[in-house]
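Colleague: Compute the structure for the input listed below.
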Amino acid sequence: MKFVVIFGPQAVGKMTVGQELEKITGLKLFHNHMSIEAVAPIFSYGTEPGRRLVKLFRQAIFEEVANSDMDGLIFTYLWSFDQQADWDYIESICRIFESKGGIVCFVELEAELEIRLERNKTPNRLNHKPTKRDIAFSERDLLNRMAKSRLNSFDGEIQRDHYIRINNANLSPEEVASMIKQRFSL
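Modeller: Down below sits the predicted model:
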């Protein structure tokens, strides 16, 4: 089983690349907003109950997939590299799959701010992420998060055998998905 974790800053294209990777590999995509959007009508992700419920929902999905006969799962995540809690969370979800003999593949995406600000408004993003439809709020959130957190790793910071970093600023989602498929033999 392969657990593919696609991470990078907001609007870098994690979900869109994951959608293309799902098409060419048959692995199911569980993008991070699937759980956020499920909880958001009742509890905002910005609240303690919202964060707790999202974490519980994700945990249950990961455990069920790891215990299944599925070939794997694609998951997207906004990783704040300067927050130990995010490192701990990534390690904990990787252990779920590794404890069952799974292989975790890390895919880091990066792109310049101007490109991400444009991608923040794409119909695909807004269709799948209702909480991002208030563009002014979403853009402020993107800029504030970038100012407060380091959302890409330093060179050599990720010490994993199964890791690739891709600047997808000038690549199509299909090209990036193909690179990931080839790199990890998906």
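Colleague: alpha carbons only for contacts and neighbour counts from here, please
Modeller: OK.
Colleague: did I read that right, residue 96 in a strand?
Modeller: No: with DSSP: H, G, I helix; E, B strand; the rest coil as the criterion, residue 96 is helix rather than part of a strand.
Colleague: distance of it from residue 27?
Modeller: Distance, residue 96 to residue 27, using C-alpha to C-alpha, to the nearest Å: 17 Å.
Colleague: cool, residue 174 as well?
Modeller: 15 Å.
Colleague: Settle it for me: which of the two has more neighbours?
Modeller: residue 27 (21 against 17; other C-alpha atoms under 10 Å).
Colleague: do you know how far the residue most central in space within the chain is from residue 136?
Modeller: When C-alpha atoms, centre = their mean is applied to the chain, the residue found nearest the centroid is residue 76 (1.5 Å). Distance, residue 76 to residue 136, using C-alpha to C-alpha: 23 Å.
Colleague: Quick one: neighbours of residue 50, just the number.
Modeller: Neighbours of residue 50 (other C-alpha under 10 Å): 20.
Colleague: ok, now residue 151?
Modeller: 22.
Colleague: Surely it and residue 11 touch.
Modeller: No: using C-alpha atoms under 8 Å as the test, residue 151 is too far from residue 11 to be in contact (11.5 Å).
Colleague: helices and strands around the host helix or strand of residue 176, which ones?
Modeller: Assigned by DSSP states H and E, residue 176 falls within helix 173-184. Packing partners of helix 173-184 (3 or more C-alpha pairs under 8 Å, 6 or more residues apart in numbering; DSSP states H and E): helix 14-25, strand 163-167.
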